[in-house]
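**Student:** quick one, what's the 3D model for this:
(one chain, ligands or ions: 3)
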Amino acid sequence: MSLIPEKATQDRFGTYEEVARNSLAMLFDQDLCIGCRACQVACKRWNEREPLYEQAGRDPVAELGREIAKGKEGYAGAEIVSFTNPQNLEAHTWLTMKFDEFGDGETLQWLFTRVSCMHCVEAPCVYGCPTTALWKYPEGPVVVRTDLCIGCRNCIETCPFDVPRMNFELGVVEKCTLCADRISNKPIAVGSFKGDTYNPQFEIKNIFPYSSHNLLEPACVETCPTDALKWGPRNEIVRMAREKAQRIGGFLYGLEEAGGTNVIYVLKRPPEELGLPKVYKERPSTRTERLVSQFNALGLAGVLMLGVVGAVRWLGERKNRILKNNGKGK
Ligand code: SF4
Ligand code: SF4
Ligand code: SF4
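**Tutor:** Numbering: from 1, shown residues only. Ligands and ions are numbered 1, 2, ... in the order given. Sure, this is the predicted structure:
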């Protein structure tokens, strides 16, 4: 039994394999990234996100500089010294580049890691949402419709990559859209409940073949000066990622995580060393199915155990009753 409505993936999106193969995807090649953060700026500008200091009335860049200076002078305080800025995703920051320093002296190596939504092929956040505020475009993006979001945080709980963030001012969740408004014509998505059952219904306009005139690249991809970000049909992106990883002895992230995503990383170190979340490799629906059947099996085992205990007890009581009655007969 699947808790994920097959109809949503099969009737409208094609089969899972078709979507995984035909949708569009982004490649992040860590080997080519110089940590310039142009992608972060492009994301803020295209999506009209506020810089952090405007929200808090402070300048986090200056604060960060002070932290680093303290660190360099042998400062013994507990402050985190890092060039990552902002330190993590938040409602107005849909992309941040993580800065990590490895080695010592001669072998010093800086690595920059993209932190943003992975746009899962079968996105758990979409199926966690009770109001159909989240949906998956057949072209690849997973988008929050903030007019439908009720801020219940289910998507925050179900996302294995720790991506969606609450916008406390508006009471809605926000995250990277994979620039859906640049790369495709806007689909209309609606959902409804049948009794207590969540029943998503998707009305998609103008899907494949994606030949529309407004097919731009995502803003971050277009801005990247070193081609560390690439954009194309997912099967081609996967081929490029595999080839590059093999050539540099690198590591892939997003190919198998959560059953596959529409953002694929080629990394120079294992994902866990770069602080990326360790994510299950199954399709979310397969995983849910397995967990449900394990749960049911546990329940069945429990019922059987109770039955056995009850039967043993009943037999014992029966034996006592017979012995008692026999005693009376004496
Ligand atoms: S990474 Fe998280 S927020 Fe992004 S599509 Fe996957 S489950 Fe949803
Ligand atoms: S795809 Fe668009 S929304 Fe997502 S990080 Fe890049 S610029 Fe930002
Ligand atoms: S714009 Fe390109 S090179 Fe610069 S930080 Fe982003 S991914 Fe790296």
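
**Student:** how about residue 173, secondary structure?
**Tutor:** With DSSP: H, G, I helix; E, B strand; the rest coil as the basis, residue 173 sits in strand.

**Student:** do the same with residue 115
**Tutor:** Classification of residue 115 into helix, strand or coil gives strand, according to three-state DSSP.

**Student:** what's opposite it in the beta bridge?
**Tutor:** Assessed by DSSP bridges, residue 115 has beta-bridge partners residue 96.

**Student:** can you pull the contacts of it?
**Tutor:** For residue 115, the set of contacting residues under the criterion of CB atoms under 8 Å, 6 or more residues apart in numbering consists of 88-89, 95-98. Backbone N, C-alpha and C define where each C-beta goes, glycine included.

**Student:** most neighbours of all the residues you listed, which one?
**Tutor:** Using other CB atoms under 10 Å as the neighbour criterion, residue 95 leads the contacts of residue 115 with 24 neighbours.

**Student:** tell me the contacts of it?
**Tutor:** 39-40, 43, 89, 114-116, 176, 220.

**Student:** give me the subset of those residues touching ligand 2.
**Tutor:** 43, 116, 176, 220 (CB under 6 Å from any ligand atom).

**Student:** and the third one, how many neighbours?
**Tutor:** This points to residue 176. Using other CB under 10 Å, residue 176 has 26 other residues around it.

**Student:** out of the contacts of residue 95, which is nearest to ligand 1?
**Tutor:** Comparing the contacts of residue 95 against ligand 1 with CB to the nearest ligand atom places residue 176 closest, at 7.5 Å.

**Student:** what are the phi and psi values at that closest one?
**Tutor:** Listed backbone geometry of residue 176 is phi -50, psi 140, with angles given as degrees, to the nearest 10.

**Student:** tell me the pLDDT of it.
**Tutor:** The pLDDT attached to residue 176 in the predicted structure is 96.

**Student:** dihedrals phi and psi, residue 232?
**Tutor:** Its backbone dihedrals place residue 232 at phi 180, psi -180, with angles given as degrees, to the nearest 10.

**Student:** from here on, call the first residue 14.
**Tutor:** Will do, 14 is the new start, and the previous item becomes residue 245.

**Student:** verify the stated contact: it with residue 36.
**Tutor:** No: in this structure, residue 245 is not within contact of residue 36 by CB atoms under 8 Å, at 10.6 Å.

**Student:** quick one: the strands in the chain?
**Tutor:** Listed in chain order, the strands of the chain (DSSP state E) span residues 37-42, 108-115, 122-129, 147-149, 155-157, 178-180, 185-187, 201-207, 210-216, 242-246, 264-266, 276-280.

**Student:** so which of the ones you listed comes closest to ligand 1?
**Tutor:** With CB to the nearest ligand atom as the yardstick, what comes closest out of the strands of the chain is strand 155-157 (3.7 Å).
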